[in-house]
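K.L.:
coords please:
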Amino acid sequence: MTERTAPLIGTARGRSPLQAAVHRLLANQVARGGLCIITAFVLIAALSPVFFPYNPATDSDLLARLKPPSWSHPFGTDALGRDILMRILHGARVSLSLGVGSVVLAALVGSSLGILAGYVGRRTDLCLMFCMDILLAFPATLLAIAIVAMIGPGLRNSLIAISVVSIPFYARITRGEVLALKEREFVTAARGLGGSPFRIILSHIFPNTLPPLSVQTTLAIAFAILETAALGFLGLGAQPPVPEWGAMLADSYKFFTSGAWWAFFFPGVTIMLSVLGFNLVGDALRDALDPRLRT
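P.N.:
Next up, the predicted model:
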């Protein structure tokens with residue numbers, strides 16, 4: 001039991017700190033709205049391949065190109081006659097998988113570097129944070145584009161690029177938490193009782209870094225989805241004919257002046273809604289984990 005969590009047990013009508021945070025999160029209407037959006041996209045990504053089999057390599061009908069929304073094509077068709085709704089449904093799996101995968105990788109690497117820098121300190125801290133500052137000196141999107149341009153386009157390389165630009169944020173957040181925690185009484189007591197550095201980090205320090213990391217992870221997924229769309233828009237992400245929301249925008253924005261508004265409107269709204277869902281949950285999660293709101 002840590003000092004940070006010990007005083008919280010028995011509060012909020014007998015709930016544990018985690019239960020109290022979940023209760024505050026679910027009681028927030030903004031959070032519920034965001035969770036509904038995220039749940040909808042997750043279900044779409046998981047169930048679309050099962051209920052709506054799709055082969056992007058053969059889905060083309062030039063006789064039906066740029067058809068407006070209708071009963072047969074609710075979102076219309078694109079310049080190659082492909083059903084936009086079907087491509088959006090299957091693009092959810094690509095965009096969400098890439099967004100979540102890149103964030104998980106960045107969180108693992110970044111938090112490990114932050115713990116190492118904060119706990120060891122001295123030259124290790126100086127060297128690691130200097131490298132993080134170099135990465136932060138570049139605009140995230142520009143750095144991701146540069147990385148993909150060097151290693152080549154594709155989904156895997158896009159995941160690597162988005163992960164690299166996200167690592168410094170996790171490293172700095174974790175380092176700050178570790179610097180504050182390692183001087184607390186419960187860590188000093190564990191050290192005095194002969195606890196090894198690995199055990200102290202694993203049992204006492206790392207669990208207390210999870211609240212800010214959870215908030216950062218939720219918001220980072222929204223950022224990763226935007227970065228995925230940006231790389232796809234530039235032709236550096238998913239390659240044709242893989243359905244991906246950013247690539248769909250790149251293929252359709254040129255038809256803005258020709259009146260085929262549906263070709264870019266629906267992919268754009270899809271990106272906006274997915275990012276909005278994660279941002280709403282991230283903001284609500286930050287409020288739910290705010291120590292000043294714990295009673």
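K.L.:
any chance you could read off phi and psi for the closest residue to R82 other than its chain neighbours?
P.N.:
Leaving aside its sequence neighbours, R82 sits nearest to D59 (CB to CB, 6 or more residues apart in numbering; 4.9 Å). C-beta: built from backbone N, CA, C; applies to glycine. The phi and psi values for D59, taken as degrees, to the nearest 10, are phi -80, psi 80.
K.L.:
How about D83?
P.N.:
Here is the backbone geometry of D83 (degrees, to the nearest 10): phi -70, psi 120.
K.L.:
my guess is it meets T77, correct?
P.N.:
Yes. Between D83 and T77 there is a contact at 6.0 Å, judged by CB atoms under 8 Å.
K.L.:
between the two, who's got more neighbours?
P.N.:
The neighbour comparison of D83 against T77 (other CB atoms under 10 Å) goes to T77, with 27 against 21.
K.L.:
wait, that one sits on S60?
P.N.:
No. Using CB under 8 Å, T77 is not in contact with S60; the gap is 9.9 Å.
K.L.:
returning to what we had before: tell me the spacing between the residue nearest to R82 and G76.
P.N.:
For D59, the distance to G76 equals 14 Å [CB to CB, to the nearest Å].
K.L.:
which of those two has more neighbours?
P.N.:
Shown here are D59 and G76; by other CB under 10 Å, G76 has more neighbours (21 against 18).
K.L.:
In contact with that one, which residues?
P.N.:
L66, K67, P68, P69, S70, I84, A260, W262, A263, F266 (CB atoms under 8 Å, 6 or more residues apart in numbering).
K.L.:
do F255 as well
P.N.:
Each residue near F255 by CB under 8 Å, 6+ apart is listed here: L66, A79, A263, F264.
K.L.:
which one of those residues is nearest A224?
P.N.:
Looking at the contacts of F255 and their distance to A224, the nearest is F264, at 21.6 Å (CB to CB).
K.L.:
so which strand or helix has the nearest residue to that closest one once chain neighbours are set aside?
P.N.:
Spatial nearest neighbour of F264, chain neighbours left out: S252 (4.1 Å); criterion: CB to CB, 6+ apart. Here S252 sits within helix 245-252, counting by DSSP states H and E.
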